[in-house]
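Chemist: Dropping the sequence and predicted coords here.
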Amino acid sequence: GADVVGFGAGEHAAVIRRIPLRKDDDDVLGVRPGAKIPSGHVPGQLTLIDLLYAPAVLGEDGKNGGDSIETKAAAVALRSVAKCLAAVEGLAHCLAWTSAPVDPSRLSGSSGGVVGALASAAKALNLGQGKSDETTTGLGHKSVVGIDRIELPRLGISFVAAADDERADDAGRMTNSNRSSSLVGPGGTVRLECEEHAGLFLSARRSPELDALLVGLPHSLLLEGRDGALSVLLPAVAAPRPALDRAASMSKNGTHKKDIAVVAAEEAAAVGTKGFGTDMVLDRWDAEWTRNAFQGGGGHYVYPVHGSHNSLSANSLPSALYLALLRFLARRYSDVCKLSDLCVSDSVPTPEEQQLWLAFVGVSMDPAPDACAARLRLSVAAFGTPAESLLPWDTQEELCSYV
């Protein structure tokens, strides 16, 4: 685009490619180490997809005619994936790659570049016609979405496209729930499998029980195993805090500028509610929190879902603390009590565990009686352990308030 001021302020377009290096002369993919990168398509290359703008460009192109069926379907599929990923991470940190042929010399419009390659891939599958021409696309599965790999570096997790093999029930028949459980675009069968957790893939299954279970977990990804078992992935790098962060009124010397309990009561009276609300803010840009979370738990937590879809299981101390904090912010106090025994150990808390305990300051002044009971339950679990010194409330004062 034109740059009239000379400071890079114009509109520009670029193609970001990942090109493999050949290990020996027999390899046909990629380029030799040290060789000049050719300008055209390189066999084996992956090209970065802009999840923020590609769905809109594809959808607009579909409205303007041409291959409207294919481009509209590709736009819907991309939009579905982008919405799913945006729940756990900012799209600027979500790397989606496609192996569809992309000509770097044609960067814009529906006829070239990444957008054009995605539309062409959808067209080659005869999308909407119930057929697919795999010989044309060169892919071993129907890549309607056009995404072959997704990486979330800050969360330490990645997904790769694989054929959505049909899974049968005990009688050998495909069930309707199995057919609709994979996250796919219209007419496609691509499945995005997790590389860090073998056998799990992104799932779009929903039920009233699951919806109730995920209340208070807006930043979750639903994963499904080949046996139909579900798990919930939560990003450890997202620091949860109440929307009305009453902990922010702490002064440098540790004293309150104003009695937080009084502030909570005033706010409750002003909005006609009792106690705290359930709104929270997910801070994804706290550098220290992100560093501790990534070093400790790898940037994410995975919680197996009970077969009844009524509860989650925590398989580590930090994951239990994180889930307990989220349940507290959602005012699901009984769940906090159930998780309390999993939140402590006799070992010295790691930096990740310390910051999770300190984050409970956001709920330390919740005036609800059940909240007081939940804090006492955590205090009982932490009694006599190194975590006791990290409790952001006075246990004796909580006990007096409770009785």
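Modeler: Structure received. Numbers count the residues shown, from 1 in each chain.

Chemist: quick one: the helices in the stretch 1-150 of the chain?
Modeler: 54-63, 68-86, 113-124, 134-137 (DSSP state H, counting those that start in this stretch).

Chemist: what's around residue 48, how many residues?
Modeler: Counted with other Cβ atoms under 10 Å, the neighbours of residue 48 add up to 16. Every residue, glycine included, has its C-beta placed from N, CA and C.

Chemist: from what I can see it touches residue 97, true?
Modeler: Yes. Shown here, residue 48 and residue 97 form a contact pair, counting by Cβ atoms under 8 Å, at 6.1 Å.

Chemist: got a list of what residue 291 touches?
Modeler: With contact set as Cβ atoms under 8 Å, 6 or more residues apart in numbering, residue 291 has no partners.

Chemist: count of neighbours near residue 28?
Modeler: When neighbours are counted by other Cβ under 10 Å, residue 28 comes out with 7.

Chemist: What of the one 5 residues further on?
Modeler: Applying the criterion other Cβ under 10 Å, we find 8 residues in the vicinity of residue 33.

Chemist: And it, how close does it get to residue 41?
Modeler: 20 Å (Cβ to Cβ, to the nearest Å).

Chemist: now swap in residue 211 and tell me
Modeler: Taking Cβ to Cβ, one finds residue 211 at 44 Å from residue 41.

Chemist: The two - which one has more neighbours?
Modeler: residue 41 (16 against 10).

Chemist: Quick check: the more buried one touching residue 98?
Modeler: No. Checked against Cβ under 8 Å, the pair residue 41 and residue 98 is beyond contact range at 11.9 Å.

Chemist: which stretches of the stretch 151-300 of the chain aren't confidently modelled?
Modeler: The stretch 151-300 of the chain contains residues with pLDDT under 70 at 164-189, 244-277.

Chemist: Let's see that with 90 instead.
Modeler: Scanning the stretch 151-300 of the chain for pLDDT under 90 picks out 161-191, 204-206, 241-281, 285, 294-298.

Chemist: all helices of it, in order?
Modeler: Using DSSP H, counting those that start in this stretch, helices in the stretch 151-300 of the chain cover 176-179, 208-213, 260-271, 287-297.

Chemist: packing partners for the second one?
Modeler: Under the contact criterion of 3 or more Cβ pairs under 8 Å, 6 or more residues apart in numbering; DSSP states H and E, helix 208-213 touches no helix or strand at all.

Chemist: quick one: contacts of that helix?
Modeler: Here helix 208-213 has contacts from 222, 230, 232, 305, 308-312, using Cβ under 8 Å, 6+ apart.

Chemist: do that again at 6 Å, thanks
Modeler: residue 309 (Cβ atoms under 6 Å, 6 or more residues apart in numbering).

Chemist: Just the CA atoms of it, as CSV, please.
Modeler: C-alpha atoms of helix 208-213 as CSV (Å, rounded to 0.1, in the frame of the first residue of the first chain):
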residue,chain,number,x,y,z
PRO,A,208,-27.8,-28.6,29.4
GLU,A,209,-25.5,-30.4,32.0
LEU,A,210,-22.4,-29.2,30.3
ASP,A,211,-23.6,-25.7,30.0
ALA,A,212,-24.3,-25.7,33.7
LEU,A,213,-20.9,-27.1,34.5
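
Chemist: can you pull the buried residues of it?
Modeler: Buried residues in helix 208-213, counted by 16 or more other Cβ atoms under 10 Å: 210, 213.

Chemist: measure the residue lying closest to residue 193 once chain neighbours are set aside to residue 225 for me?
Modeler: Closest residue to residue 193 apart from its sequence neighbours, by Cβ to Cβ, 6 or more residues apart in numbering: residue 201 at 4.4 Å. Residue 201 sits at a distance of 8 Å from residue 225 (criterion: Cβ to Cβ).
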